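In: The following comprises the amino acid sequence and a computationally predicted model.
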Amino acid sequence: MIRSTLLLFLLLLVNFVYADTSRVHNAYRLPRAIEHPVVDGELTDAIWNSAESADGFLQQSPNPGAPARQRTEVKVIYTDDAIYIAARMFDSSPDSILHQLSPRDEYQNNTDAFGILIDPYHDKRNGFFFAVTAAGVQTDSRYVFDKSDVSLNSVWFSKTMIDAQGWTAEIKIPYQAIRFPGEQKQVWGINYTRIIRRYREQSWWNTVDPNKAGIVNQCGDLAGIEDIQAPVRLALLPYVSGYYELYDGRSANSFNGGMDVKYGINESFTLDMTLIPDFGQTISDNLVLNLSPFEVRYDERRYFFTEGTELFNRNDLFYSRRIGARPRYFNSADDSLGVNEYVDENPLTTRLYNGIKISGRTLAKTGVGLFNAIAAPSFATIRDSVSETTREVETSPLSNYSVFVVEQILGQNSYIGYMNTLVLRAGTTDNAMVNSVQFRVAADQNRYAVEGYIDHSIVHGLSSNGDQGYRYHLEGGKIKGPFIAKFRHHLVSNTFDSNDLGYLDRNNYYNYGTTIGYNYFKPFGRFMWTINEVNVDLSFMYDANQRTFFSITGKHIYTFRNFLTCGINWLTNPIKNFDYFETRTPGRFLIYPKNYELGGFISSDYRKVLSLDASTSYRIFLERNRTIFKYAFAPRWRVNDKLFLVYRWEQELKNDNIGFVAREVDSDVVFGLRNLNTVTSTLTGTYIFTNRMGLSLRVRHYWSEVSYKDYFLLLENGGLAHYDYTGNANISFNAFNIDLIYTWQFLPGSELSIAWKNSVLSSGTTLYGSYIEDVDHMFDAPVSNSLSAKLIWYLDAGQYLKRKR
């Protein structure tokens, strides 16, 4: 009680000292135009003379609140079918304007840029962002409060020019590219931003204060929009693709076709559908050797599951990699083998029949989303080596995945939402459902906030009989200003399970934590800005109510005036902890010793032709000679404005590590004393021919060697006793991938891509003693090569229907 009172007193004191000093809200009234300006970057159309100018940009960084170092002037008009923007970026040194080419959606590379953020519903939470670089490269994204999702990929038009006064950007954003309410008179949120890369400066028309939480909520007003009608939003994106694959001397080829459909149900809601999708050109996963008790989470790279999914991304309840993943009963093919039988074919992924998304927001600022996908059944082929007869074994049943979300926006960036996920499978296998309620309540101009969620899961089928579980999370505190202070509490019951469609690395625990931070974003002394944070966390087992981990961590980041950034991070587990997860056995725990870690990093100025990122850390355990040493370095070379290369080397050395090995027949748990050496080497590069055509390269090699020195049995008190284990737990693991992809956006929304993918995967118990020798032996394993081409054609059926009318 005393600590809570002291914390409240400190929060009130900080609130009093650091009062809100935000600028007056900017407003812009735009005229309606009859004639459409030509989007050529010249800004010579007469209509621009009648438009009001927006200027007076202020810095977000590096000196928040200070006037931008170069003047920017923006004009906006609207017509019956689009918004037009004319931006003049004055520059006293036009020859110093940086204009490096980059792939689409990477506008914050070594280039100047201009962007516009639109909040059509004026809910101060959801926005559309469109930006173009001085080299003409487009970026578009969806903003939710302060998080940006660059998977939007709308069709819009822009043109830039560099001249004696600086550079210009002329932009057309068709109403098909955004959603807005069906009101006769409308007021939208609006903001404009400019990046001057040589100064590392980003400025906004309406002040964006880095000490305030959120971006969309700091927009100005856009008034004067009247009598606009939402267009018929119907786009068809048919595709054809062809593949040639070669693996271990065997070749195969395939030809595919399908279609994506985007349809505006009304002015606010959109339906996205994919029919017989093809994700074969998706960048390869970063495979790793996983010795932990927790599932590795991989990034989603398939465009259908990344575009327009911001409503569904809550609490990790929608992990789209579950859809089209490895068949649920993949190993059942091996388990079902009879005499003289072998697995002739066993697909590694399930095929999707289709997927749909419906999402939008009503006039009352209620967001609604519906997602549904159907995965085809998957079968393995079993062959008899004597009779040559075959049979099929089902490895995954016909499955339906659905998500429903509703969210109500309240004042001051508060909201309340509900989410349901449901997985239904044919036959008698498991079905699963999760219900969730989320909320956020903010006060005092978003200075304080409390947010959280409550989830309930139920799984019914072969592996369970209606098992139910729950989870909740609550956090709150002061989130705005130089000083921040937050408290959090998280609980997951031992029967909660959201993994049929979500991602849950563990259950059966609860914890308490607090974060204290001090962030200063104005230049001082030799520094441009600093971020400082300390976290304290205490965890317990849910069913046993036993303490598991207590940790204190911190990070301190400083950027110097020459834009060299460096930081220190540290961690301590100052008391003996109890690990209930590494044992993989309910009720059993391993004593986890006291340990301390110190690390740091540097990142040099990316504006230079050559720059460098580097980091290192050292962790020592008060047990044997147990240590963890990690280091990484990543030189970056901007060869010219078209060619850019990054090489990254990471190595982690674990000495005298203790880890799970096996569970014996008599339920004894075997642990091992081991050394681990892991190296990840990655080369990425881009060569951009034009702002619509480019070549990307990614070469990655991952190697991990695990060498066991001794084995132990786990004792009831969490200690270890020597054990003569007869198995060989040594591991040598290699994963090598090459992804070379050429893309050409030959028309807005239409694209041709050609991809070559090469991969090698090897794993065994033979240790070769060195990294070089192991790499040599890796290529003795079968090599997979794939060459593919895919053509996507964008058809604006809405414009066709408009002309027909």
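Out: Yes, it's here. Because the structure is a prediction, the values reported are computed rather than measured.

In: so what's residue 228 up against?
Out: 78, 80, 175, 180, 186 (C-beta atoms under 8 Å, 6 or more residues apart in numbering). (Glycine included, C-beta is placed from N, CA and C.)

In: ok now do the residue most central in space within the chain, which residues does it touch?
Out: In the chain, the centroid-proximal residue (C-alpha atoms, centre = their mean) is residue 299; its distance is 6.8 Å. Shown in contact with residue 299 (C-beta under 8 Å, 6+ apart): 285-286.

In: Over to the one 5 residues further on?
Out: Contacts of residue 304 were listed using C-beta under 8 Å, 6+ apart, and they are 260, 272, 274, 277, 279, 355.

In: at 6 Å what do you get?
Out: 274, 355 (C-beta atoms under 6 Å, 6 or more residues apart in numbering).

In: Quick check: phi and psi on it?
Out: Here is the backbone geometry of residue 304 (degrees, to the nearest 10): phi -60, psi -30.

In: Got the confidence number for it?
Out: Residue 304 is assigned a pLDDT of 85 by the prediction.

In: Could you do the one 3 residues further on as well?
Out: According to the model's per-residue confidence, residue 307 sits at a pLDDT of 78.

In: closest to residue 493 among the contacts of residue 228?
Out: For the contacts of residue 228, the residue nearest residue 493 by C-beta to C-beta is residue 180; the value is 42.8 Å.

In: for the record, mean pLDDT for stretch 275-291?
Out: Averaged across stretch 275-291, pLDDT comes to 87.

In: Which parts of it count as buried, going by neighbours?
Out: Residues of stretch 275-291 classed as buried by neighbour count (16 or more other C-beta atoms under 10 Å): 275, 277-278, 280-281, 283-284, 287, 289, 291.

In: for the stretch 701-805 of the chain, what spans make up the helices?
Out: Along the stretch 701-805 of the chain, the stretches classed as helices by DSSP state H, counting those that start in this stretch are 771-778, 797-804.

In: Could you identify which of these has the lowest mean pLDDT?
Out: The minimum mean pLDDT among the helices of the stretch 701-805 of the chain belongs to helix 797-804 (a mean of 65).

In: Can you pull out the residues in contact with stretch 32-46?
Out: Outside stretch 32-46, the residues that touch it by C-beta under 6 Å, 6+ apart are 47, 77-79, 84, 86, 157, 159-161, 168, 170, 172.

In: Over to stretch 316-333?
Out: By C-beta under 6 Å, 6+ apart, stretch 316-333 touches 298, 300, 305, 312, 343, 346, 349-350, 352, 373, 378, 380, 393, 395-396, 401, 403, 421, 434, 436, 498, 501-503.

In: And it, end to end?
Out: Terminal residues of stretch 316-333 lie 31 Å apart, using C-alpha to C-alpha, to the nearest Å.

In: What's the PyMOL syntax to select whichever of the contacts of stretch 316-333 are buried?
Out: Those of the contacts of stretch 316-333 that count as buried under 16+ other C-beta under 10 Å are selected in PyMOL with:
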select buried, resi 300+305+312+346+350+352+373+378+380+393+395+396+401+403+421+434+436+498+501+502+503
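
In: Of the contacts of stretch 316-333, which belong to strands?
Out: 343, 352, 373, 378, 380, 393, 395-396, 401, 403, 421, 434, 436 (DSSP state E).

In: Spatially nearest residue to residue 633 (excluding sequence neighbours)?
Out: residue 614 (4.4 Å; C-beta to C-beta, 6 or more residues apart in numbering).

In: what about that neighbour, neighbour count?
Out: Counted with other C-beta atoms under 10 Å, residues neighbouring residue 614 total 16.

In: Please look at it and residue 603 and confirm they touch.
Out: No. The pair residue 614 and residue 603 fails to qualify as a contact (C-beta atoms under 6 Å) at a distance of 8.0 Å.

In: For residue 223, give its distance to residue 76.
Out: 11 Å (C-beta to C-beta, to the nearest Å).

In: ok, those two, which is more surrounded?
Out: More neighbours surround residue 76 than the other of residue 223 and residue 76, with 25 against 15 (other C-beta under 10 Å).

In: what sits against the residue nearest to that one when sequence neighbours are not counted?
Out: Among residues not flanking residue 76 along the chain, residue 30 sits closest, at 4.5 Å (C-beta to C-beta, 6+ apart). When contacts are counted by C-beta under 6 Å, 6+ apart, residue 30 touches 76-78, 224.

In: most neighbours, which of these?
Out: residue 76 (25 neighbours).

In: That residue contacts residue 85, doesn't it?
Out: Yes. With contacts counted by C-beta under 6 Å, residue 76 reaches residue 85, the gap being 5.4 Å.

In: Name the residues that touch stretch 147-154?
Out: Taking contacts as C-beta under 6 Å, 6+ apart, the residues outside stretch 147-154 that touch it are 105, 140-142, 177, 306-307, 310.

In: Name the nearest residue to residue 723, ignoring sequence neighbours.
Out: Using C-beta to C-beta, 6+ apart, the nearest residue to residue 723 is residue 713, at 4.4 Å.

In: Report the beta-bridge partners for the one you found.
Out: Beta-bridge pairing for residue 713 (DSSP bridges): residue 670, residue 721.

In: so how far is residue 676 from it?
Out: 21 Å.

In: again, but for residue 183
Out: 61 Å.

In: Looking at stretch 167-180 now, give me its mean pLDDT.
Out: Per-residue scores along stretch 167-180 average to 93.

In: Could you tell me the end-to-end distance of it?
Out: 31 Å.

In: Run through who's touching that stretch.
Out: Contacts of stretch 167-180 (C-beta under 6 Å, 6+ apart): 39, 41, 43, 81-89, 97, 114, 120, 128, 130, 132, 134, 154, 156-161, 231, 233, 268.
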